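*Asks:* no letters, just coordinates:
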């Protein structure tokens, strides 16, 4: 396969995954945005987490809330549990890497907040533990997953939302997670500030 063919394959598979996600997930994305807006209107916060590239997407959502998405507007309360390397490495060293998000959530999360987790469908024990901790604190969860939902999907309850990208390719799942996060940012801004 030539280099050009490889490029065409990447674009083709990405576009197909995005189209499949659009066809199956648009209502869930809308509902998730409404849930996030309700959380913010109740003076609560958005808390995000993920591993590896999913951590970057979690930080993208948090950053867009705290600063801006595409236009100037008041900051919105959000925390990415993936950013404090001192805390993350201390928890991983003193306890276990599975606790790096749950322990922070126990300290920072409050009833009525919302936890947005990102996982490509792999079995991320630290994300699973964060979901369980969220439930213990009456914090609802929006889970952006892929593949078969991994170990996260069975942990979700009736107050949670799973937005599962219909793909088994980690890269394409993460591309769509980024696009969904952009949609959420836009929908939040539109619902809160109009335009």
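*Replies:* That came in fine, so what should we check first? None of these values were measured; they are calculated from a predicted model.
*Asks:* C-terminal to the longest strand anywhere in the chain, what's the next element?
*Replies:* Using DSSP state E, we find that the single longest strand of the chain is strand 140-146. Following strand 140-146 in sequence order, the next helix or strand is strand 161-165 (DSSP states H and E).
*Asks:* which residues touch that next one?
*Replies:* 17, 21, 25, 28-29, 31-32, 35, 121, 140-147, 149, 152-153, 156, 172-173, 176-177, 180 (CB atoms under 8 Å, 6 or more residues apart in numbering). Placement of C-beta: from N, CA and C, glycine included.
*Asks:* which parts of the protein are strands?
*Replies:* Under DSSP E, the chain gives strands at 46-50, 78-80, 114-118, 140-146, 161-165.
*Asks:* circling back to that earlier point, for the longest strand of the chain, name the packing helices and strands.
*Replies:* helix 3-41, strand 114-118, helix 125-136, strand 161-165, helix 170-193 (3 or more CB pairs under 8 Å, 6 or more residues apart in numbering; DSSP states H and E).
*Asks:* mean neighbour count, the ones you listed: which tops it?
*Replies:* Compared across the helices and strands packed on strand 140-146, strand 114-118 shows the largest average neighbour count, a mean of 28 (mean count of other CB atoms under 10 Å).
*Asks:* now that strand against helix 3-41, angle please.
*Replies:* Strand 114-118 runs at 170 degrees relative to helix 3-41, counting by axes from the mean of the first three to the mean of the last three CA atoms, to 10 degrees.
*Asks:* partner strands of strand 114-118, parallel or antiparallel?
*Replies:* Under the criterion DSSP bridges, strand 114-118 sits next to strand 46-50 (parallel), strand 140-146 (parallel) in its sheet.
*Asks:* pull out the buried positions in the longest one.
*Replies:* So the one you mean is strand 140-146. Residues of strand 140-146 classed as buried under the neighbour-count rule (16 or more other CB atoms under 10 Å) are 140, 141, 142, 143, 144, 145, 146.
*Asks:* can you give the distance from it to the centre of its chain?
*Replies:* Between the centre of strand 140-146 and the centre of its chain there are 6 Å (CA atoms, centre = their mean, to the nearest Å).
*Asks:* go on, the first one?
*Replies:* A distance of 6 Å separates the C-alpha centroid of strand 46-50 from that of its chain, computed with CA atoms, centre = their mean.
*Asks:* need the contact partners of it.
*Replies:* Here strand 46-50 makes contact (CB under 8 Å, 6+ apart) with 36, 39-40, 55-59, 61-62, 65, 76-82, 101, 105, 108-109, 113-119, 126-127, 130, 139.
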